[in-house]
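Novice: Test case, fold it:
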Amino acid sequence: MTRFKTLDDLPANLTGQVALVRVDLNLPMQEGRASDVSRVEAVRPTILELSERGAKVLLLAHFGRPKGKRHSTLSTSLVQGDLERVLQREVMFIPEVSGPVVAQAIGILRPGDIGLLDNVRFWPGEEANDPAFAAAMAEHGDFYVNDAFSAAHRAHASTEGLAHLLPAYAGRAMERELAALEQALGSPQPPVVAVVGGAKVSTKLAVLQNLVGKVQHLVIGGGMANTFLAARGVNVGASLCEHEMIETANAILNTAEQAGCTVHLPYDVQVAREFAARPESLRICNVHELGADEMILDIGPQAAEALGDVLKTCRTLVWNGPMGAFELEPFDAGTVALARMAAALTQDGSLISVAGGGDTVAALAHAGVADAFTYVSTAGGAFLEWMEGRRLPGVAALEA
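Specialist: From the prediction side, this is the model:
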């Protein structure tokens, strides 16, 4: 496993030292308050540990997409209250990220105090990874901590540039994420099963191409499965299907066969003529019995049971994307059944389960098993790029 320096590599006593800590505070807002503070809860251990060890903690974060210009509606000051509520600590807002205002604030802060810098994306140098901008921020810090895996796929000044200018460490949330990803695909316990769902093959093409060479079982669900079924000669009726991707799907199936990876597609499915909750036209059928005006909207109970049996033979699971249109009942049944089986096997200690991506997190929460998996990543783009086998700049910069 790649070695990363963590907070354990820092001196126990950090009194008076300034920690520049990159966190993800890009929170969904409703009526001036965050509707979900899970990202703050994720970085809470790192912030409080550094504070308790006597460091002056300066938080760097982005908020929205201001494109290098100041916008009062995108200032990180808007999440200051949410941050204080979760940390149960007072936080000083600092309306800059470098220069005399920051220097003055550091002078006011006492050891253990926490400061929140303004939105790093207010400055064009952030997204350009401008060395001069990174150096201006680095002037204020004694060391750098990255606790924002969700932004690690961006080579920005606050995610990558700073790590080359100051002693750099992974925060506790980043450390957990990297350990989980190593367990899932870095050096996993075989056999490994990957569950990949979602609407379109085109959005998960790189993921599928990377996984077929690394896992023993590949489960394809969601609208993507329809394209693979069509590639195998199944008439998928009115289902969502990328017919232009059939050649690509066949190439993936061939690569999987050569690599000794078994691809699992549903053989019974839930279908309907209209996309609505509990439609009158709902029925379960074999994939070869689909009517021309019917849509596949979920895997069937036999397919769910068969996939559960696959999970029982495996030691490691990596999951991204639902099996069907889980937002509408009863098309959540396949995803819920498989998620609960994975959760039960994880709790038994027979399966290491790592899941990630926005829809996946929502689907596992819907199934009531988000806390029963080994690790659930809330990082969308970064998790997907990691599944594609890409090297993430913000992670690579932390390598010891």
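Novice: May I ask you to confirm that R39 is in contact with D24?
Specialist: Yes: the pair R39 / D24 is scored as a contact, 4.9 Å apart, by Cβ atoms under 8 Å. C-betas here are computed from N, CA, C, even on glycine.
Novice: what residues are shared contacts of those two?
Specialist: S150 (Cβ atoms under 8 Å, 6 or more residues apart in numbering).
Novice: In contact with R33, which residues are there?
Specialist: G81, D82.
Novice: Quick check: phi and psi at it.
Specialist: Backbone torsions for R33, taken as degrees, to the nearest 10, come to phi -130, psi 150.
Novice: what's across from it in the sheet?
Specialist: For R33, the beta-bridge partners are Q30 (DSSP bridges).
Novice: Local confidence estimate at it?
Specialist: At R33, the predicted lDDT confidence score is 85.
Novice: That one and L20, how far apart?
Specialist: R33 is 27 Å from L20, where distance means Cβ to Cβ, to the nearest Å.
Novice: can you check M341 too?
Specialist: M341 is 43 Å from L20, by Cβ to Cβ.
Novice: which ones are touching L328?
Specialist: Counted by Cβ under 8 Å, 6+ apart, L328 has contacts F275, A276, A277, L297.
Novice: Buried ones among those?
Specialist: Neighbour-count burial (16 or more other Cβ atoms under 10 Å) is assigned, among the contacts of L328, to L297.
Novice: Please enumerate the helices of the protein.
Specialist: 38-52, 80-87, 100-108, 124-127, 131-138, 172-181, 201-211, 222-231, 246-259, 301-312, 333-348, 358-366, 381-387, 393-396 (DSSP state H).
Novice: List the contacts of the first one.
Specialist: If I follow you right, that is helix 38-52. 7, 14, 19, 21, 23-27, 34, 57, 59, 79, 82-83, 86-87, 89, 112-114, 145, 147-148, 150, 171-173, 378.
Novice: change it to 7 Å
Specialist: Contact with helix 38-52 is made by 7, 14, 19, 21, 23-25, 27, 57, 82-83, 86-87, 112, 114, 145, 147, 171-173, 378, as judged by Cβ atoms under 7 Å, 6 or more residues apart in numbering.
Novice: quick one on the thing from earlier: just the ones of the contacts of L328 in strands?
Specialist: Using DSSP state E, the members of the contacts of L328 that fall in strands are L297.
Novice: Setting aside sequence neighbours, what's the nearest residue to F326?
Specialist: In space, F326 comes closest to D332 once its chain neighbours are excluded; the distance is 4.0 Å by Cβ to Cβ, 6 or more residues apart in numbering.
Novice: how much space between that neighbour and W123?
Specialist: As judged by Cβ to Cβ, D332 and W123 stand 43 Å apart.
Novice: quick one: which of those two has more around it?
Specialist: W123 (23 against 20; other Cβ atoms under 10 Å).
Novice: wait, isn't that one in contact with G68?
Specialist: Yes: in this structure, W123 is within contact of G68 by Cβ atoms under 7 Å, at 6.5 Å.
Novice: Under the pLDDT cut-off, which ranges of the stretch 101-250 of the chain? List them.
Specialist: Applying pLDDT under 70 to the stretch 101-250 of the chain picks out no residues at all.
Novice: ok, now the stretch 301-400 of the chain?
Specialist: Residues of the stretch 301-400 of the chain meeting the criterion pLDDT under 70: 400.
Novice: now do 80
Specialist: 358, 400 (pLDDT under 80).
Novice: Give me whichever of the helices of the chain is most buried.
Specialist: Burial of these is given as mean neighbour count (mean count of other Cβ atoms under 10 Å); helix 222-231 ranks first at a mean of 25.
Novice: Now do that one against helix 201-211, angle only.
Specialist: With axes from the mean of the first three to the mean of the last three Cα atoms, to 10 degrees defining the directions, helix 222-231 sits at 80 degrees from helix 201-211.
Novice: Can you give me the domain assignment for this protein?
Specialist: Following automatic domain parsing, the chain resolves into domains at 7-173, 188-387.
Novice: And those domains: which comes nearest V395?
Specialist: Across the domains of the chain, V395 has its closest neighbour in domain 7-173 (5.0 Å, Cβ to Cβ).
Novice: Can you give me the end-to-end span of that closest one?
Specialist: The first residue of domain 7-173 is 11 Å away from its last residue (Cα to Cα, to the nearest Å).
Novice: ditto for stretch 367-378
Specialist: Distance across stretch 367-378, first residue to last, is 16 Å (Cα to Cα).
Novice: May I have the predicted confidence score for G260?
Specialist: Looking at G260, its pLDDT reads 97.
Novice: what's the neighbour count on it?
Specialist: 10.
Novice: where's it relative to G213, distance?
Specialist: Using Cβ to Cβ, we find G260 at a distance of 10 Å from G213.
Novice: what do you get for Q17?
Specialist: From Q17 over to G213 the distance is 44 Å, taken as Cβ to Cβ.
Novice: same check, this time on L20
Specialist: Relative to G213, and taking Cβ to Cβ, L20 is found at 38 Å.
Novice: neighbour count winner among the two?
Specialist: Neighbours per residue, other Cβ under 10 Å: of L20 and G213, the larger number sits with L20, 24 against 13.
Novice: give the contact list for that one.
Specialist: Listed by Cβ under 7 Å, 6+ apart, the contact set of L20 reads L58, L60, M137, H140, G141, Y144, L162, L166.
Novice: just curious, which of the residues you listed is nearest to C285?
Specialist: Distances from C285 to the contacts of L20, taken by Cβ to Cβ, are shortest for L60, at 53.8 Å.
Novice: What is the burial count for the closest one?
Specialist: Residue neighbour count, defined by other Cβ under 10 Å, stands at 27 for L60.
Novice: Pairing partners for it in the sheet, please.
Specialist: Applying DSSP bridges, one finds that L60 bridges with R22.
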